[in-house]
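Asks: Sharing a sequence plus its predicted fold:
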Amino acid sequence: MTISPADEQLLCVLRENARASTADIARKLGLSRTTVQNRISRLERQGVICGYTVRIDQELEQSRIRAHILITLRPRQMVAVVKALRGMHEVRVLYSISGGHDLIALATTTSVGEMDVLTDRIGTIDGVERTNTSIILSTKFER
């Protein structure tokens, strides 16, 4: 599946604010409202746009404790561990990675104590060999 440079620009605008009106997006991109709506519809039909989400206010988000949790697995435990992590609402994103670890989770809690409990819970999942947690201090930018 390939997308045009104009579609890339549209996706960039939608990443900034998926609730922007078609008219506002059209003005920003220098396109007609109909063209923008047709492009969005086509990208949805093609599965390029899979859904829309909520972004939390930056001040509120930064008041929470966010961390990257590197996870090393025992052999052949990926499926079971991913299933267990999917059930933890604090784990926002889970990536399979190369290198010395197998997974990296982005987790959010309301306190350091809750993050401590979460990392302990992750460490006790059958199939997890070890974890290494890094607290995020600030976000320099996000797209």
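Replies: On my side now, so go ahead. A quick note: this is a predicted structure, and the numbers were derived from the prediction, not measured.
Asks: Just the pLDDT for Met1.
Replies: If you check Met1, the pLDDT there is 69.
Asks: typo on my end, it should be Glu61
Replies: 77.
Asks: For the helix or strand encompassing it, buried residues please.
Replies: Here Glu61, judged by DSSP states H and E, is contained in helix 58-63. Across helix 58-63, burial judged by 16 or more other C-beta atoms under 10 Å covers no residue at all. All C-beta spots, glycine's among them, are computed from the backbone N, C-alpha and C.
Asks: Next secondary structure after the worst-scoring helix or strand of the chain on mean pLDDT?
Replies: Least confident helix or strand of the chain, by mean pLDDT, DSSP states H and E, is helix 58-63 with a mean of 79. Later in the chain than helix 58-63, the nearest helix or strand by DSSP H and E is strand 65-73.
Asks: just checking, what packs against the next helix or strand after that next one?
Replies: Where DSSP H and E defines the elements, the next helix or strand beyond strand 65-73 is helix 78-86. Other elements packing on helix 78-86 under the criterion 3 or more C-beta pairs under 8 Å, 6 or more residues apart in numbering; DSSP states H and E are strand 91-96, strand 103-109.
Asks: any idea of the angle the first one forms with helix 78-86?
Replies: Okay, so that is strand 91-96. 160 degrees (axes from the mean of the first three to the mean of the last three C-alpha atoms, to 10 degrees).
Asks: Look up phi and psi at the residue lying farthest from the centre of the chain.
Replies: Distance to the chain centre peaks in the chain at Ser32, reaching 30.8 Å (criterion: C-alpha atoms, centre = their mean). Main-chain torsions, Ser32, degrees, to the nearest 10: phi -80, psi 160.
Asks: Now do the same contact list for the closest residue to it other than its chain neighbours.
Replies: Spatial nearest neighbour of Ser32, excluding adjacent residues (C-beta to C-beta, 6 or more residues apart in numbering): Ala26 at 5.9 Å. Contact partners of Ala26, counting by C-beta atoms under 8 Å, 6 or more residues apart in numbering, are 32-33, 35-36.
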